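K.L.:
predicted model and sequence below, questions to follow.
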Amino acid sequence: MTELIPAIRMTELTKRYGPPGSGQLAVDRISADVQPGEVFGFLGPNGAGKTTTIRMLTGLSRPTAGHARLLGLDLAHDLPRIKKRIGVVPETSNLYDELSAFDNLVFAMRLYGVPRRERAARAAELLARFRLTEQRDKPFARFSRGMKRALTIAAALAHRPQLVFLDEPTTGLDVVSARNLRQMIAGLREEGITVFLTTHYLEEAERLCDRIALLVRGRIVAVDTVAGLKAQVQEFIAVEATLQNEDGSVAVRRLIGESVPALLRDVLQQADAERQRIVSVNTIQPSLEDVFVQLTGLDAEVMQVEKGGKGK
Amino acid sequence: MLIDDLRGMFYIMLKDLHAYYFKPPNISWGILLPLAFVLAFAIRDPGNLDNLIPGLLALTLLFGASSMEAIVIAFERRVGALERLLLAPVRLPALLAGKILGGVVFGLVTTAVVLILVLFRYGLGGVNWPLLFVAMLLSATAFAAMGALVSVAVKEVFEAQTLANLFRFPMMFLGGVFVPVASLPPVLRIVAHALPLTYTVDALTVAMAGGPWSAAGLDLAVLAGFSLAFFVSATWTLARRVG
């Protein structure tokens, strides 16, 4: 039986900024395989090293140590060939403000050598797919944030890449735009395109990804399917308590542990200490958020912090 | 790979011309600013107008080729658009060459407009046209590459303008446009010979007077040298900045 060549193979990939010893270790000896056709989530809080990893894998930044192979090609020696076969959607929507949606797509195709006779049809197809046909001649500068993200993804797909990197694709979007974009990302899987997706939204990772790597402080602490990750904490139980403060406001507290009585005792103690009234207490199956908390030792709230100020 | 580079260069140039250069404010700035300077001197000394023509063309080349060039890369780096080009299958020197070509074409087009205005006044006779074209091409390349070097050396767009003017304005007054280099004090004459504009004015003066190639050989060689030095320095600086 022939072994499937991974779309990405990272081996001890490391990035250090600044001088050895005193510099900042952004990515610390990460190893993982991404299989062809899967949506692979790279999940971690801000500053975990997600973007740095993408920058290394796409040739924008040279690894300090370790190596990677993309689509069977060596990153260190075959970068130009790799570039032709990958698409990248960076964290900031970075098409050209002065060009129309159509011209931006055509320019992307020109750079990647898409034959002239195919360009107009491919651009029209992408505009239709991303629901931007009516915006065909509108300059990118006049697009809404959600439309900018959609067109940036379309541009990354213009040359029909086999592997697409999506860096925080829905950060900063409104609910409707984010939902539309997630549908579009799900559609990539159906086309057989491998997707490497970074996100700090747990729900997004759970909904979109076949497998997830949890990244904390530059290190991968777990790689598995969502079900596999949940299985790692199946001996745990989660308790969600709705509590009412003295001023009438309501707070929801979520605790995870091995015994329901112990968790209930914790809820009672905390409610008592903060003079809260218990409205309801429910036991629930651990979610990906609970898995994250258990495996990383971090508070899930660090994942809820909205990134801002990037002008997406 | 070479095909990818050449294609990338060409389309980056076209994109820059379309997106940044051929906008009414840029065209007017590229043509009117040199004309305004020359008119100011011509009004002061009307008998000297003919001698100012090579300088007028040289200034138009300088501002046309370098003004937008000095901004474009810094701007694209700031908004993240340069990253798109770095991710494309185009090597860094080709990427930068595409950027520089945009400035070269714009510099040549604006200078051609001024040249046509000059020809209406003085006619077509007595000009060494091939020499004029080569001198204009090499000058535009040197100035655009200088603009690119400025653009990759700074972090912010406003810094690019300041730094570019730091080079351009001394060049304008010491490069033989308004005052012959020979009549400058000895120290300033040495400075003048370190400036590319001096060689542009000299080569254009020879070409406009119908002089032979040999009279402008050194000027052309120095302009080619400036072009190469600026291009290599800009590529090296950009590689360090993005790596």
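P.N.:
Arrived safely. Numbering: from 1, shown residues only, chains lettered A, B, ... in the order given.

K.L.:
drop to CA atoms for contacts and neighbour counts, all remaining ones
P.N.:
Noted.

K.L.:
tell me who's in contact with the most centrally placed residue in chain B.
P.N.:
Central residue of chain B (Cα atoms, centre = their mean): B:F143, 2.9 Å from the mean position. Contacts for B:F143 (Cα atoms under 8 Å, 6 or more residues apart in numbering or on different chains) come out as B:61-62, B:65-66, B:196, B:227.

K.L.:
what residues does chain B have near chain A?
P.N.:
Within reach of chain A by Cα under 8 Å from any Cα of the partner chain, chain B has these residues: B:1, B:4, B:7-8, B:11, B:15, B:19-20, B:79-81, B:83-84, B:86-91, B:242-243.

K.L.:
anything in the host helix or strand of A:L126 near chain B?
P.N.:
Using DSSP states H and E, the element containing A:L126 is helix A:116-129. No. Helix A:116-129 lies out of reach of chain B by Cα under 8 Å from any Cα, never closer than 12.2 Å.

K.L.:
any idea how far that helix is from the middle of the chain?
P.N.:
Centroid separation for helix A:116-129 versus its chain: 27 Å, with Cα atoms, centre = their mean, to the nearest Å.

K.L.:
then stretch A:249-265?
P.N.:
On Cα atoms, centre = their mean, the centre of stretch A:249-265 falls 29 Å from that of its chain.

K.L.:
same thing with stretch A:165-178?
P.N.:
Put simply, stretch A:165-178 sits 9 Å off its chain's centre (Cα atoms, centre = their mean).

K.L.:
quick one: contacts of that stretch?
P.N.:
Counting by Cα under 8 Å, 6+ apart, A:51, A:54, A:86-91, A:145-147, A:149, A:181-182, A:195-200, A:306-308, A:312 sit against stretch A:165-178.

K.L.:
of those residues, keep whichever come out buried.
P.N.:
Those of those that meet the buried threshold are A:51, A:54, A:86-91, A:145-147, A:149, A:181-182, A:195-200, A:312, by 16 or more other Cα atoms under 10 Å in any protein chain shown.

K.L.:
which ones among the contacts of stretch A:165-178 lie within helices?
P.N.:
A:51, A:54, A:145-147, A:149, A:181-182 (DSSP state H).

K.L.:
from the contact counts, what lies against the lowest-mean-pLDDT helix or strand in chain B?
P.N.:
Lowest on mean pLDDT, DSSP states H and E among the helices and strands of chain B sits helix B:24-44, with a mean of 78. For helix B:24-44, the packing partners by 3 or more Cα pairs under 8 Å, 6 or more residues apart in numbering or on different chains; DSSP states H and E come out as helix B:49-66, helix B:92-122.

K.L.:
the most centrally placed residue in chain A pairs with what?
P.N.:
Against the mean C-alpha coordinate of chain A, by Cα atoms, centre = their mean, the closest residue is A:T198 at 2.1 Å. Per DSSP bridges, the residues bridged to A:T198 are A:F42, A:D167.

K.L.:
need the worst-confidence member of the ones in helices among the contacts of stretch A:165-178.
P.N.:
Within the ones in helices among the contacts of stretch A:165-178, A:L181 has the lowest pLDDT, namely 84.

K.L.:
tell me the residue of the stretch 151-300 of chain A that sits nearest chain B?
P.N.:
Per Cα to the nearest Cα, A:A156 is where the stretch 151-300 of chain A lies closest to chain B, at 9.4 Å.

K.L.:
that residue: what's it in contact with?
P.N.:
A:A156 neighbours (Cα under 8 Å, 6+ apart): A:87-89, A:108, A:164.

K.L.:
how about A:G113?
P.N.:
A:G113 neighbours (Cα under 8 Å, 6+ apart): A:159, B:4, B:7.

K.L.:
which SS state does the first one fall under?
P.N.:
Just to be clear, that refers to A:H159. Three-state call for A:H159 (DSSP: H, G, I helix; E, B strand; the rest coil): coil.

K.L.:
so it makes contact with A:Y112?
P.N.:
Yes. A:H159 is within contact range of A:Y112, at 6.3 Å (criterion: Cα atoms under 8 Å).

K.L.:
and the closest residue to A:D33 other than its chain neighbours, backbone torsions?
P.N.:
Distances taken as Cα to Cα, 6 or more residues apart in numbering or on different chains place A:R9 nearest to A:D33, at 4.5 Å, with adjacent residues excluded. Main-chain dihedrals, A:R9, degrees, to the nearest 10: phi -130, psi 110.

K.L.:
hey, what's A:R9 bridged with?
P.N.:
In this entry, A:R9 is beta-bridged to A:D33, A:R69, by DSSP bridges.

K.L.:
how many neighbours does it have?
P.N.:
Neighbours of A:R9 under the rule other Cα atoms under 10 Å in any protein chain shown: 23.

K.L.:
distance check, it against B:Y21.
P.N.:
A:R9 sits 43 Å away from B:Y21, going by Cα to Cα, to the nearest Å.

K.L.:
for B:L56, same thing?
P.N.:
Distance, B:L56 to B:Y21, by Cα to Cα: 21 Å.

K.L.:
go on, B:S183?
P.N.:
Distance of B:S183 to B:Y21, given as Cα to Cα: 37 Å.

K.L.:
so those two - more neighbours on which side?
P.N.:
It is B:Y21, of B:S183 and B:Y21, that has more neighbours when counted by other Cα under 10 Å, with 25 against 10.
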